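J.: Sequence plus the predicted model coming up.
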Amino acid sequence: MNKRTHIALATALVAALALGASGCTGAATPGKGGAGAENPAAANDGKVLGGTPVKGGTLTVLSNQDFAHLDPARNWVMPTMDFGTRLLYRTLVTFKAEPGKAGSELVPDLATDLGTPSNGGRTWTFTLKEGVKYEDGSPVRAQDIKYNVERSFAPDLTGGPDYAAQYLAGTEGYKGPLDGKHLDSVKTPDDRTLVFELKRPVAEFSATATLPTFAPVPESQEKGTRYDARPFSSGPYKIESYDRDKKLVLVRNEHWDAATDPVRKAYPDRFVVVMGLKGGQIDDRIIAGEGVDASTVPYADMRPESAPKVLPKPEVKARLLAESQGCTEMLHLNNSRAPFDDPKVREAMQYAVDKEAVITAGGGPALNEVATAYLPPALSGGKQADTLKIAPAGDPAKAKELLKAAGKEKLKVSLAVSTGDKAKAEALQQGLSRAGIEVVVDTVDPGAYYDVIGDLSTTPDMSLSGWCPDYPSGSTWIPFVFDGRTIKEKGNQGNYSQFRDEATMKRIDEINAMADAGEAARAWADLDAELMKKSPAVPVLLERKPLLVGTNIAGAFGHPVWTGTIDYATIGLKDPAKGQG
């Protein structure tokens with residue numbers, strides 16, 4: 001594929017995401033909890049709050065949890081990817097630090113350009129910029145990125161993106177570099193050149209190179225699973241101290257050179273992340289905005305019960321970001337065992353769930369919209385399909401009928417949710433009880449939640465989680481959520497339903513082989529409709545990401561790619577003297 005074609009494709013992908021974003025904020029649909037243009041939570045969409053920051057001071061992040069993984073080989077949760085790749089380490093390619101559709105545009109980061117495809121799109125070559133250094137002043141080398149890509153295969157370093165395993169040639173049976181073995185399909189002819197040999201053409205590989213997998217880790221810094229606690233910085237900040245589950249302090253990396261990095265502005269002198277706080281406590285502190293809390297942002301979403309304290313008050317609502325996340329939240333059904341190994345029981349669940357009640361529990365229609373398909377609007381032309389046409393409140397009579405036909409008129413099943421989703425779990429529990437389904441709810445600490453539901457030995461009957469496109473393509477969604485070949489014993493990511501279906505896997509391979517991006521997009525949408533009929537999971541919600549910022553915060557906006565998370569590349573303080581640490 002020549003360079004002109006590549007740029008045209010990137011433009012088309014950006015347009016697709018922009019279309020999806022506008023679709024999410026379209027007119028509200030009566031009875032569907034739609035987040036419409038008059039939605040009070042959407043008032044600041046596409047805006048930068050607080051003006052341009054002034055350099056200096058300490059910005060505090062209040063969090064209800066520790067980071068699951070800061071190791072770039074293991075970092076695959078959207079807010080943590082934003083935090084890691086904007087502050088601690090750089091990737092070959094990144095996204096612009098701008099609100100709205102401009103933020104969906106790809107720009108070079110460590111690389112000099114977006115990569116050069118050859119061999120029909122099966123080979124991609126990147127050249128690194130000169131002058132990029134680590135926190136100790138040593139240069140970032142191509143071999144360091146190769147090494148981190150290889151680390152993503154290590155069985156002990158679970159949780160990270162699977163793109164390298166899916167795309168790179170010659171990876172079968174590879175277990176990472178910790179035993180001294182390396183991949184022939186990632187070549188480094190010199191310190192500044194990387195060549196990736198792929199199994200098949202991947203037109204979107206520039207976008208893939210935005211992921212933390214494609215950040216550098218020098219082999220000399222390898223610490224195995226302990227690398228999570230002290231990633232070696234190639235970004236504008238480095239770790240000064242990290243007391244797990246309590247506090248993380250970042251200070252400037254004096255060897256970071258802004259001349260090599262037009263994306264990150266690095267306004268604050270320090271970032272302090274305070275962990276282990278309750279969500280309501282975080283909201284109340286930021287609403288009040290007193291003292292250090294004026295210079296504070298939240299890591300977790302604003303709690304639904306805080307909405308009445310914010311939306312009716314113009315001076316507080318003016319500090320609320322609530323961008324569309326572009327993700328679908330699903331009730332995953334464990335297809336690997338009874339009762340959800342029966343397709344009829346899974347179909348009954350589609351009718352049994354009361355999505356309207358879950359919307360209410362999640363903060364109401366200002367912050368949520370009913371999901372009617374798996375693929376989010378950004379990947380389906382700006383509007384979700386509605387294959388099954390089930391009422392938002394469900395149809396318990398139809399669910400009972402299907403359960404009776406399956407010989408399962410009474411069910412007792414377990415549901416695991418993150419602690420912050422307890423209210424949603426109770427709404428699901430009450431809704432399912434209408435169809436004779438008894439649900440036992442287990443709440444899990446947010447920092448451990450994905451490890452629990454991603455371990456096949458601890459996976460419950462049902463779990464609640466969302467999936468977001470890593471970039472605007474169905475290839476970043478359906479294969480990760482519904483391809484049985486991605487399931488792992490530990491560190492399972494995406495396919496929490498443990499759905500294994502030969503016809504689905506065959507079709508995924510056929511679509512991945514399509515050279516035309518438009519044809520592939522239509523095929524993903526068609527496959528989405530077929531999957532809805534097989535019901536491996538129940539799509540529940542499309543969410544906004546409500547984040548309230550302090551009165552001294554400037555440069556704040558929800559990034560469209562990072563699911564509405566605050567972009568840490570450009571945030572800072574109005575008055576650094578008010579920032580304390």
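T.: On my side now, so go ahead. Numbers count the residues shown, from 1 in each chain.

J.: Give me the contact list for stretch 91-99.
T.: 46-48, 85-86, 102-111, 114-115, 126, 145, 194, 206-207, 209-212, 214-215, 263-265, 557-561, 567, 569-570 (CB atoms under 8 Å, 6 or more residues apart in numbering). C-beta coordinates here come from the backbone N, C-alpha and C atoms, glycine included.

J.: Now, the residues you listed that are in helices?
T.: Judged by DSSP state H, helices contain the following of those: 145, 206-207.

J.: Please, where are all the strands along the stretch 251-400 of the chain?
T.: In the stretch 251-400 of the chain, strands defined by DSSP state E, counting those that start in this stretch lie at 270-274, 296-298, 320-333, 368-370, listed in chain order.

J.: how about the strands of the stretch 51-200 of the chain, start to end?
T.: Counting by DSSP E, counting those that start in this stretch, the strands of the stretch 51-200 of the chain are 58-62, 93-95, 106-108, 116-118, 123-127, 186-190, 193-197.

J.: partners of the fifth one, with directions?
T.: Strand 123-127 has these partner strands in its sheet, going by DSSP bridges: strand 116-118 (antiparallel), strand 193-197 (antiparallel).

J.: Mean neighbour count, the ones you listed: which tops it?
T.: strand 193-197 (a mean of 20; mean count of other CB atoms under 10 Å).

J.: residues making contact with stretch 385-399?
T.: 31-33, 348-357, 359, 370, 372-373, 375, 431, 434-435, 437, 525, 528-529, 532-533.

J.: Give me the buried subset of those.
T.: Buried by 16 or more other CB atoms under 10 Å: 32-33, 348-357, 359, 370, 372-373, 375, 431, 434-435, 437, 525, 528-529, 532, out of the contacts of stretch 385-399.

J.: At which residues are the helices of the stretch 251-400 of the chain located?
T.: Listed in chain order, the helices of the stretch 251-400 of the chain (DSSP state H, counting those that start in this stretch) span 279-288, 307-310, 314-317, 343-352, 355-361, 396-405.

J.: that older thread, G160 is nearest to which of the strands of the stretch 51-200 of the chain?
T.: strand 186-190 (15.8 Å; CB to CB).

J.: and that closest one, what other elements does it pack with?
T.: helix 142-151, strand 193-197 (3 or more CB pairs under 8 Å, 6 or more residues apart in numbering; DSSP states H and E).

J.: Figure out which of the ones you listed is closest to D442.
T.: Here helix 142-151 is closest among the helices and strands packed on strand 186-190 (CB to CB), at 32.2 Å.

J.: relative orientation of the closest one and strand 186-190 in degrees?
T.: Counting by axes from the mean of the first three to the mean of the last three CA atoms, to 10 degrees, helix 142-151 lies at 170 degrees to strand 186-190.

J.: Give me the below-cutoff pLDDT ranges for this protein.
T.: Scanning the chain with the threshold set as pLDDT under 70 gives 1-38, 581.

J.: what separates the residue nearest to the spatial centre of it from E426, distance-wise?
T.: The chain has M78 as the residue nearest its centroid, 3.0 Å off, counting by CA atoms, centre = their mean. As judged by CB to CB, to the nearest Å, M78 and E426 stand 25 Å apart.

J.: cool, and D455?
T.: In terms of CB to CB, D455 sits 25 Å off from E426.

J.: What of P546?
T.: 20 Å.

J.: next one: A366
T.: Noted for A366: a distance of 20 Å to E426, by CB to CB.

J.: coming back round to it: now the helices of the stretch 251-400 of the chain as CSV including distance to T94?
T.: Formatted as CSV, the helices of the stretch 251-400 of the chain follow (distance: least, CB to CB, whole Å):
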stretch, distance to T94
helix 279-288, 28
helix 307-310, 31
helix 314-317, 31
helix 343-352, 38
helix 355-361, 34
helix 396-405, 45
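
J.: of all the ones you listed, which lies closest to L183?
T.: Nearest to L183, of the helices of the stretch 251-400 of the chain and by CB to CB, is helix 343-352 at 38.5 Å.

J.: Taking helix 396-405 as reference, get the angle to that closest one.
T.: Using the same axes, to 10 degrees: helix 343-352 against helix 396-405 is 170 degrees.

J.: Could you give the separation of helix 343-352 from the chain centroid?
T.: Centroid separation for helix 343-352 versus its chain: 27 Å, with CA atoms, centre = their mean, to the nearest Å.

J.: Check which helices and strands it is in contact with.
T.: Counting by 3+ CB pairs under 8 Å, 6+ apart, helix 343-352 packs on strand 320-333, helix 396-405, helix 422-433, helix 517-534.

J.: related to what we said a few turns ago, quick one, which of A366 and E426 is more surrounded?
T.: A366 (20 against 17; other CB atoms under 10 Å).

J.: and the residue lying closest to that one once chain neighbours are set aside, how many residues sit next to it?
T.: In space, and not counting its chain neighbours, A366 is closest to A41: 4.4 Å by CB to CB, 6 or more residues apart in numbering. Here the number of neighbours of A41 (other CB under 10 Å) works out to 25.

J.: do G46 as well
T.: G46, neighbours per other CB under 10 Å, totals 17.

J.: In contact with F271, which residues are there?
T.: Applying CB under 8 Å, 6+ apart, the residues near F271 are 58-61, 87, 237, 248-250, 568.

J.: Quick one: end-to-end distance for stretch 281-299.
T.: 13 Å (CA to CA, to the nearest Å).

J.: Please spell out which residues along that stretch are buried.
T.: Counting neighbours by 16+ other CB under 10 Å, one finds that the buried residues in stretch 281-299 are 282-283, 285-287, 289, 292-299.

J.: now swap in stretch 161-174 and tell me
T.: 161-169, 171, 174.

J.: now swap in stretch 314-326 and tell me
T.: 316-317, 319-326.

J.: and what of stretch 338-350?
T.: 339-340, 342-343, 345-350.

J.: If we only consider the residues you listed, which is nearest to H255?
T.: F340 (52.2 Å).

J.: May I have the residues that are in contact with the closest residue in space to that closest one that isn't next to it in sequence?
T.: Leaving aside its sequence neighbours, F340 sits nearest to L333 (CB to CB, 6+ apart; 4.1 Å). Contact analysis of L333 by CB under 8 Å, 6+ apart lists 340, 346, 349, 461-462, 497, 535-538.

J.: For L333, give the beta-bridge partners.
T.: With DSSP bridges as the rule, L333 is bridged to M462.

J.: Need the three-state assignment for I239.
T.: strand (DSSP: H, G, I helix; E, B strand; the rest coil).

J.: Pull the number of nearby residues for it.
T.: With other CB under 10 Å as criterion, I239 counts 19.

J.: what sits against it?
T.: Contacts of I239 by CB under 8 Å, 6+ apart are 88, 230-231, 233, 248-250.

J.: which one among the buried residues of stretch 314-326 gets closest to V441?
T.: Q325 (23.5 Å).

J.: secondary structure element for the nearest residue to that closest one once chain neighbours are set aside?
T.: Closest residue to Q325 apart from its sequence neighbours, by CB to CB, 6+ apart: T563 at 4.2 Å. For T563, there is no enclosing helix or strand under DSSP states H and E.

J.: Return the closest of the buried residues of stretch 314-326 with respect to P576.
T.: When the buried residues of stretch 314-326 are compared against P576 (criterion: CB to CB), the nearest one is R319, at 18.6 Å.
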